[in-house]
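Participant: All I have is the shape, not the residue letters:
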């Protein structure tokens, strides 16, 4: 109760200030939050799931698409931090709005700005192996070379929780108690994704999804004589 009254007192104080002062205060809160997060290696890894250096490279890459841009009161870095909060910590827009002093609509818009920029990099980031070379991870392992020299990666499926309309929930509720998508993904031996097929409902079998991945227009490519 004491904490609640304290928050009400803060809110009343802010409301009584001039709009320009309120905007300045919010800018300061956001700047301090960003400085504490990006300036702390451990906090950055725990919350954003990457190092400050990797975060800086990601922001540079996304800014280079021309899709994600700095706004007068919202930098690319802040928008990417919100995006990574949602992915890495399952934050809701209302919770992020509280921490960043933003409306839920603004947080949602920033999230989709980053999402569009990430999707535009699909052709650059998701490259399927040609099978022309044996991966260094296999070549340098006496335990698995030459037995797995024709293996180009690993393939697996995972269930990712989703929200769907009530009338569709039964189709997406498979082995889990909640609705999920059954997502197929492949990766190379250097831990890079090479193919991802989302969208299938949680009740779909792995064999059905694999068959679709091998026959659809943007299909999973397995070179002749190679395997996953």
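Facilitator: Thanks, I have the structure now. Computed from a prediction, not measured in an experiment: that's the story for all the values here.

Participant: Buried residues, stretch 29-36. List them.
Facilitator: By neighbour count on 16 or more other C-beta atoms under 10 Å, the buried set for stretch 29-36 is residue 30. Heads up, the C-betas are built off the backbone N, CA and C, glycines and all.

Participant: my bad, should have said stretch 91-110
Facilitator: Across stretch 91-110, burial judged by 16+ other C-beta under 10 Å covers 91, 93, 96, 97, 100, 101, 102, 106, 107, 108, 110.

Participant: for the record, mean pLDDT for it?
Facilitator: Across stretch 91-110, pLDDT averages out at 89.

Participant: Could you shift the numbering so residue one becomes 20, and keep it that way?
Facilitator: From this message on, residue numbering opens at 20, which makes the last subject stretch 110-129.

Participant: Now the terminal residues of that stretch, how far apart.
Facilitator: Stretch 110-129 has its terminal residues 14 Å apart, counting by C-alpha to C-alpha, to the nearest Å.

Participant: Ok, stretch 239-247 next?
Facilitator: 11 Å.

Participant: likewise stretch 183-191?
Facilitator: End to end - C-alpha to C-alpha - stretch 183-191 spans 8 Å.

Participant: quick one: the helices in this structure?
Facilitator: For the chain, the helices defined by DSSP state H cover 21-34, 38-57, 60-67, 71-83, 95-108, 112-119, 123-139, 141-144, 155-158, 188-191, 225-234.

Participant: can you put those in JSON lines and add distance to residue 206?
Facilitator: Below are the helices of the chain laid out as JSON lines (distance: least, C-beta to C-beta, whole Å):
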{"stretch": "helix 21-34", "distance to residue 206": "45"}
{"stretch": "helix 38-57", "distance to residue 206": "28"}
{"stretch": "helix 60-67", "distance to residue 206": "21"}
{"stretch": "helix 71-83", "distance to residue 206": "18"}
{"stretch": "helix 95-108", "distance to residue 206": "17"}
{"stretch": "helix 112-119", "distance to residue 206": "29"}
{"stretch": "helix 123-139", "distance to residue 206": "17"}
{"stretch": "helix 141-144", "distance to residue 206": "12"}
{"stretch": "helix 155-158", "distance to residue 206": "11"}
{"stretch": "helix 188-191", "distance to residue 206": "25"}
{"stretch": "helix 225-234", "distance to residue 206": "14"}
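
Participant: sorry, back to before: export the buried residues of stretch 110-129 to a markdown table and tack on distance to residue 208?
Facilitator: What follows is the buried residues of stretch 110-129, written out as a markdown table (distance: C-beta to C-beta, whole Å):
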| residue | distance to residue 208 |
| --- | --- |
| 110 | 33 |
| 112 | 37 |
| 115 | 36 |
| 116 | 41 |
| 119 | 39 |
| 120 | 44 |
| 121 | 41 |
| 125 | 41 |
| 126 | 37 |
| 127 | 37 |
| 129 | 35 |
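
Participant: right, and out of the residues you listed, which lies closest to residue 90?
Facilitator: residue 129 (8.8 Å; C-beta to C-beta).

Participant: Quick check: the closest one touching residue 97?
Facilitator: Yes. Proximity of residue 129 to residue 97 meets the contact threshold set by C-beta atoms under 8 Å, at 7.5 Å.
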